[in-house]
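Trainee: I'd like to go over a predicted model; first the sequence, then the structure.
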Amino acid sequence: MTHNIADILSEPEIQANKKLIDEIIINFLPSNHGIQEIDLLYNMMRDYPLRPAKGIRSSICLFTSQAFGGTIDDALFTASSLELFQNWILIHDDIEDESELRRGQPVLHRKHTIPLAINAGDSLHGRMWSLLQKNHSLLGAELTLDIINEFIHMLNETTEGQHMELSWSQNNDLNISQEDYLVMCTKKTSWYTCITPFRLGNLIAEKKNINTNKFVEFGTNLGIAFQIRDDILNLTADSKYGKEYAGDLIEGKRTLILIHLLESCNTSDREFIESFFNNNREFRESNSKKLLDLISKYKSIDYATNICNELSDKALNEFDTIFSDLPDTRSRLLLNNITKYMVSRNW
């Protein structure tokens, strides 16, 4: 079954929580300054948070807290900090990938130069830790430190995964295995999109340092499926997707689709693929249609879709195992629907 924004992320509880999160972030971030240059910095810091976003990570954190017997209020600062993490790391990610669009608009560094965008991302990063500190009066020192440690772990995993992916492109490495790709996805995507938001919600609800490892396998499979789905959408979705069409190919990203193509193609097709990635961005832009034709020829999107579906089924079964003993609440239902949406979205 296909799930889209209209029938899942438009649920009234999700919309209400997203509004709360947005209000916390915008009210928390500085809005203006008498010094012109700092005023521009503040506007840049607010740019990505003000763009329309799904708020998946914050929703997972909030509803997991509620499903395990906690409250939305106790998780609000943490969930908002997850959204700040998402925003500052995307600023840097867009620079590193030489992206053009983010959420349907020009990326921050195209609007304001790379140095200014890097600094705005750094500033937003610092505000994330400041917002997390507000948990001290709400949840106490010990739990606040546990939450901060979860963020540190998430940051380390994410940057390690990002470094793997960037290194492959930087070194023009076309001998990446599927196993390499799965490790990279686990680090870059699974930890900050799935594992940590679930762990944080559970941690806040229980208000003690519990065994949160039960979310790792589930979150790993869900996160990889989410990333593969994102890779597929980059080559198939319409303008609602909000990113540059075929941007992954133009940016030289190593995806499961590309790995399968390289493993399946004949010698002459591989020579073209190697020349494609050996050339500059302008060449890749003008020759992306031919590469897309090869992807179609070798049915690489079909292959990636099958792997995505297998991982999705595993994740959904693991969700049932983890949440089966909990009361059949609205928050548990919404979490289940969000999980399904993540692996079957069409934009």
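Mentor: Good, I have the coordinates.
Trainee: What are the boundaries of the helices in the stretch 151-300 of the chain?
Mentor: 178-185, 196-206, 214-236, 247-250, 256-264, 267-278, 281-297, 300-323 (DSSP state H, counting those that start in this stretch).
Trainee: wait, which of these is closest to residue 125?
Mentor: For the helices of the stretch 151-300 of the chain, the distance to residue 125 is smallest for helix 196-206, at 15.9 Å, taking C-beta to C-beta. C-beta here means a position set from N, CA and C on the backbone, and glycine is covered the same way.
Trainee: Poorly predicted segments of the chain, please.
Mentor: 1-6, 208-212, 237-244, 347 (pLDDT under 70).
Trainee: if I look at the residue most central in space within it, how far off is residue 344?
Mentor: For the chain, the residue nearest the mean C-alpha position is residue 193 (5.0 Å; C-alpha atoms, centre = their mean). Distance, residue 193 to residue 344, by C-beta to C-beta, to the nearest Å: 15 Å.
Trainee: and what of residue 199?
Mentor: 24 Å.
Trainee: Name the residue in these two with the higher neighbour count.
Mentor: More crowded of residue 199 and residue 344, by other C-beta atoms under 10 Å: residue 199, with 26 against 17.
Trainee: Hmm, residue 150 and the more buried one touching each other?
Mentor: Yes: the criterion here is C-beta atoms under 8 Å, and residue 199 meets it with residue 150 at 6.0 Å.
Trainee: Could you check how far residue 277 is from residue 171?
Mentor: Taking C-beta to C-beta, one finds residue 277 at 11 Å from residue 171.
Trainee: Looking at those two, which is more packed in?
Mentor: residue 277 (17 against 8).
Trainee: What residues does the more buried one make contact with?
Mentor: Residues near residue 277 by C-beta atoms under 8 Å, 6 or more residues apart in numbering: 172, 174, 252, 284.
Trainee: Now the buried members of these.
Mentor: With neighbours counted by 16 or more other C-beta atoms under 10 Å, these contain buried members at 174, 252, 284.
Trainee: residues near the residue lying closest to the second one once chain neighbours are set aside, how many?
Mentor: I take that to be residue 252. Once flanking residues are discounted, residue 252 sits nearest to residue 169: 4.3 Å by C-beta to C-beta, 6 or more residues apart in numbering. By the measure other C-beta under 10 Å, the count of residues near residue 169 is 16.
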